[in-house]
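Visitor: below: sequence and its predicted model.
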Amino acid sequence: LGYDSPITSLPSNSSYFNVIVGRVANRISHSRFDLNGTTYKLESNDGENHLHGGNTGFGRRIWTVESVTKTSIRFSLLSEDGDEGYPGAIRVT
């Protein structure tokens, strides 16, 4: 991507241009949702709302390189149960 270092080049502003968003793309009103009778409170990062996965959404994380070929690279990321307030752990590739 042309950055000198992945650590110093992580997005530091509120722009989501060209980032991977997660666990959700868009806003969750009032930073909460109900699932199977349980209300989950998420990190608020857009006023009272939750935007694009929160303050440390997937675009602001260091991903693990799973495999590399001449024409591709595969990354993965583990989002633990409770990450940004979300229930359940997920692995994204």
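Guide: Thanks, I have the structure now.
Visitor: what residues does the longest strand seen in the chain touch?
Guide: Secondary structure of the chain per DSSP state E: the longest strand is strand 73-79. By Cβ atoms under 8 Å, 6 or more residues apart in numbering, the list of residues contacting strand 73-79 from outside reads 22-23, 58, 61, 63-68, 86, 89-93. Every residue, glycine included, has its C-beta placed from N, CA and C.
Visitor: what do you get if the cut-off is 6 Å, keeping everything else the same?
Guide: The contact list for strand 73-79, computed with Cβ atoms under 6 Å, 6 or more residues apart in numbering, reads 61, 63, 64, 66, 67, 90, 91, 92, 93.
Visitor: show me where the chain has its strands.
Guide: 27-28, 32-35, 38-41, 50-51, 64-68, 73-79, 90-92.
Visitor: let me have these in CSV, adding mean neighbour count as columns.
Guide: Below are the strands of the chain laid out as CSV (neighbours: other Cβ atoms under 10 Å):
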stretch, mean neighbour count
strand 27-28, 18
strand 32-35, 12
strand 38-41, 10
strand 50-51, 25
strand 64-68, 10
strand 73-79, 13
strand 90-92, 12
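Visitor: got TSV for those strands, with mean pLDDT too?
Guide: Output for these, formatted as TSV (pLDDT from 0 to 100):
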stretch	mean pLDDT
strand 27-28	96
strand 32-35	97
strand 38-41	97
strand 50-51	94
strand 64-68	96
strand 73-79	96
strand 90-92	96
